[in-house]
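Engineer: coordinates for the following, if possible.
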Amino acid sequence: MHIAKLLPSNILSSQARKPTGLIGCYIMTKLFNHGNADINAFVKETLEVQGNDSILEIGFGPGKLINAIAEITADGIVEGIDFSAVMLSQAQKINKHHILNGRVRLQKKECRQLPFKTDLFDKVCSTNTLYFWKTPEEYFAEMLRVLKPNGKVVIGFRDDKQMKGLNLSKDIFSTYSCGEVAGLLSNAGFTDVKILEKEGKPFLSYCAIGNKPQR
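Structural biologist: Below you'll find the predicted structure:
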């Protein structure tokens, strides 16, 4: 969107982290839906969603990925957590049918301490959120906790080389190489960690995946 280029770096970056007001509702929603389409599709593909899966998305934004997953999980449940009231509202609109049918549950919460029981989800995913976590180790530890043994995590992201050329505030965005993201997952306790990549627009898409060990 051309209008997004007119926003000062600090405002665009702050809105990317936590959309608010009219900018969040209109500009950022359209920006996310357009810019994240390819990487969301890659995350969905990498999750290998099954009909009876219980899946959590952290930082669901406008809710497009949750909607796509819920189309498959007819006998499962998709939970979403995001700390933006604007994004919660947008995601509730697009997922209204699934929410009414009990297949999607969304809530506004901080993601560093997840309000879920241990060993609850088959899969956990998050797309383009890693950059905003000041202490990513805490977030990954929580993901590990709420996953069932042998559960799968999928993190969709852009690497540091891609992020370097964007109009982003370094005070808000932290960038990572593929090796650094893999290291964060391994250090958190995930096993079989690997990085997958796929051609997309406007960038290559990356997914970091790992598994919670069996006890």
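Engineer: please count neighbours and contacts with C-alpha atoms only from this point.
Structural biologist: Fine.
Engineer: SS state for the residue positioned nearest the centre of the chain?
Structural biologist: To find the centre residue of the chain, average its C-alpha atoms and take the closest one (CA atoms, centre = their mean): that gives Ser126, at 2.2 Å. Per DSSP: H, G, I helix; E, B strand; the rest coil, the secondary structure class of Ser126 is strand.
Engineer: how far away is it from Asn10?
Structural biologist: As for Ser126, its distance to Asn10 is 23 Å (criterion: CA to CA, to the nearest Å).
Engineer: same question for Leu120.
Structural biologist: For Leu120, the distance to Asn10 under the criterion CA to CA works out to 37 Å.
Engineer: so how far is stretch 118-135 off the chain centroid?
Structural biologist: Average the C-alpha atoms of stretch 118-135, do the same for its chain, and the two points are 6 Å apart (CA atoms, centre = their mean, to the nearest Å).
Engineer: how long is it end to end?
Structural biologist: This stretch, stretch 118-135, spans 21 Å end to end (CA to CA).
Engineer: cool, stretch 65-83 as well?
Structural biologist: One end of stretch 65-83 sits 17 Å from the other (CA to CA).
Engineer: identify the residues contacting it?
Structural biologist: Around stretch 65-83, the neighbours that count as contacts under CA atoms under 8 Å, 6 or more residues apart in numbering are 18, 40-41, 44, 49-61, 88, 94-95, 98, 102-111.
Engineer: for that stretch, buried residues please.
Structural biologist: For stretch 65-83, the neighbour count (16 or more other CA atoms under 10 Å) marks 65-67, 69-70, 73-74, 76-83 as buried.
Engineer: one more: stretch 194-206?
Structural biologist: Buried residues in stretch 194-206, counted by 16+ other CA under 10 Å: Lys194, Ile195, Glu197, Phe203, Ser205, Tyr206.
Engineer: separation between the fourth one and Ile39?
Structural biologist: The span separating Phe203 from Ile39 equals 9 Å under the rule CA to CA.
Engineer: which parts of this structure are strands?
Structural biologist: Per DSSP state E, the chain has strands spanning 54-58, 77-82, 104-108, 121-127, 147-157, 191-198, 205-211. These are given in chain order.
Engineer: each with direction, which strands does the longest one pair with?
Structural biologist: Under the criterion DSSP bridges, strand 147-157 sits next to strand 121-127 (parallel), strand 205-211 (antiparallel) in its sheet.
Engineer: how far does stretch 43-56 sit from its chain's centre?
Structural biologist: In this view, stretch 43-56 has its centroid 13 Å away from the chain centroid, taken as CA atoms, centre = their mean.
Engineer: average pLDDT across it?
Structural biologist: Here stretch 43-56 scores 98 as its mean pLDDT.
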